[in-house]
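Asks: Model the structure of this input:
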Amino acid sequence: MIFYKLKQNGLFLKIVAAFAYLFFIPFRILNSARRNERGKTFLISLHLLGDTVFSLPTVKYFSRKIGNKLIIACFENSKIIYEKAGIQAEFITFKRNDYFLSGRFPKLDVRKKIRKKKPFRIIDISGGIHSAFTIAGIGAAEIIGMNEEIYKSLYDKFIPLRTAPNLVDKIFDVARIFESGLERKKYSYIPEKINSGKRILFHPFGSWKEKEWDFEKYIALAGKLKIDGFDAVFIWEKGRAGEEKKNLLQESNLELIETNDLEQLFDETEKSFLFIGVDSGPIHIASLLGTSTIAIYGPTNPAFIKPEGKYHFTIQKIIHCSPVGEKHYCDTLAGKTCATLECLRDLTVEEVYEKTIRFIKEALEKKT
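Replies: Model prediction:
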């Protein structure tokens, strides 16, 4: 949190940028000395679940452009998502704990895995300190990608990170380095369909708790939808929640599925008509699989990270401090330092229920 606040200081950023430029120059020299003139292209895609889905148009583009000379370096769950989306490539995978200090720095084995393959070209579509320190000094003939300005000296062809209009375009900017004006719609990843049936999945958790709507409100919403004839089922990964939440579901006569792996989440999601949750990886996986979604947003901006497509809907209670326009997060570190979380606290069950019923009605009308 201290680092985040420092990043808002212009003078601090200028000092860091100057230091970073000097720091990474030796890595560029090392790259030149170790330069591999032959070999494959490495696509560095170090994303978590939701961002992996957002990266799909970019990965599809490079998969088609480079073909069997492409190696994708990613986390294990990302490989599963890419393969589910039909991406055919060689993969090198890492575990989340292969990166330390909250995922910022790679362990030596990560760099060894990549260096062993002697990449000819590295394309970075991750954009962060974790990818900068993954590729520094690897020895490729060319390094291309996006990142924060402070890492610019690492790259032969570089594009700075942008904040608008959305994360999909932000990542796709790397493809536009190769083809200016490239339209990403040609590489769309969202099926335009709506599933049949009455089954609604609820996934109440986010990557941090300040993005989560109240658990008991989910139960109340599920109860109202059950009265309307829908099958309300809660789903989360095994070990995610304690006995207290399980007991609340049992008392309300609501079903719970605890998944063992990502494939089980795929299977249960594909069997469902609608997926309701917050800004999280599973909601974006549902959109990838063609299951309609309703995503509840609070301290994050849906304009930047919402599922795309006509069968996906977002709910956000706009208050005085809500992130709008080009702001990705609110000014309380995406809720992490917010004392009240009014944006989620004041969003009522009735509001969400009414919007859910309206969305279902309109979605079914579009289908016919």
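Asks: Can you tell me which residue is spatially central in this structure?
Replies: D51 (2.1 Å; Cα atoms, centre = their mean).
Asks: mind listing what that one touches?
Replies: 167, 171 (Cβ atoms under 8 Å, 6 or more residues apart in numbering). Quick note: C-beta positions are derived from backbone N, CA and C, even for glycine.
Asks: How confident was the prediction at it?
Replies: Confidence at D51, expressed as pLDDT, is 95.
Asks: wait, is it part of a strand?
Replies: No: using DSSP: H, G, I helix; E, B strand; the rest coil, the assignment for D51 is helix, not a strand.
Asks: And it, how far from T93?
Replies: Counting by Cβ to Cβ, to the nearest Å, the separation of D51 from T93 is 16 Å.
Asks: again, but for K306
Replies: Taking Cβ to Cβ, one finds K306 at 28 Å from T93.
Asks: out of these two, which sits in the busier spot?
Replies: K306 (23 against 15; other Cβ atoms under 10 Å).
Asks: Distance check, the more buried one against Q264.
Replies: Going from K306 to Q264 by Cβ to Cβ gives 25 Å.
Asks: now swap in F54 and tell me
Replies: In terms of Cβ to Cβ, F54 sits 23 Å off from Q264.
Asks: Repeat that for K116.
Replies: For K116 relative to Q264 (Cβ to Cβ), the value is 33 Å.
Asks: again, but for N77
Replies: Separation of N77 from Q264 (Cβ to Cβ): 13 Å.
Asks: Between those two, point out the one with more neighbours.
Replies: Set N77 next to Q264 and count neighbours by other Cβ under 10 Å: N77 wins out with 19 against 15.
Asks: Next, that one: secondary structure please.
Replies: Quick answer, by three-state DSSP: N77 is helix.
Asks: So which residues make contact with stretch 256-273?
Replies: 77, 80-81, 84, 194-201, 230, 233-240, 246, 249-250, 275, 282, 285-286, 289-292.
Asks: any idea of the mean pLDDT for stretch 333-350?
Replies: Averaging the model's pLDDT scores along stretch 333-350 yields 92.
Asks: End to end on it, go ahead and measure it.
Replies: 28 Å (Cα to Cα, to the nearest Å).
Asks: Also stretch 259-276?
Replies: First-to-last residue span, stretch 259-276, Cα to Cα: 17 Å.
Asks: Could you do stretch 140-159 as well?
Replies: End-to-end for stretch 140-159, by Cα to Cα: 18 Å.
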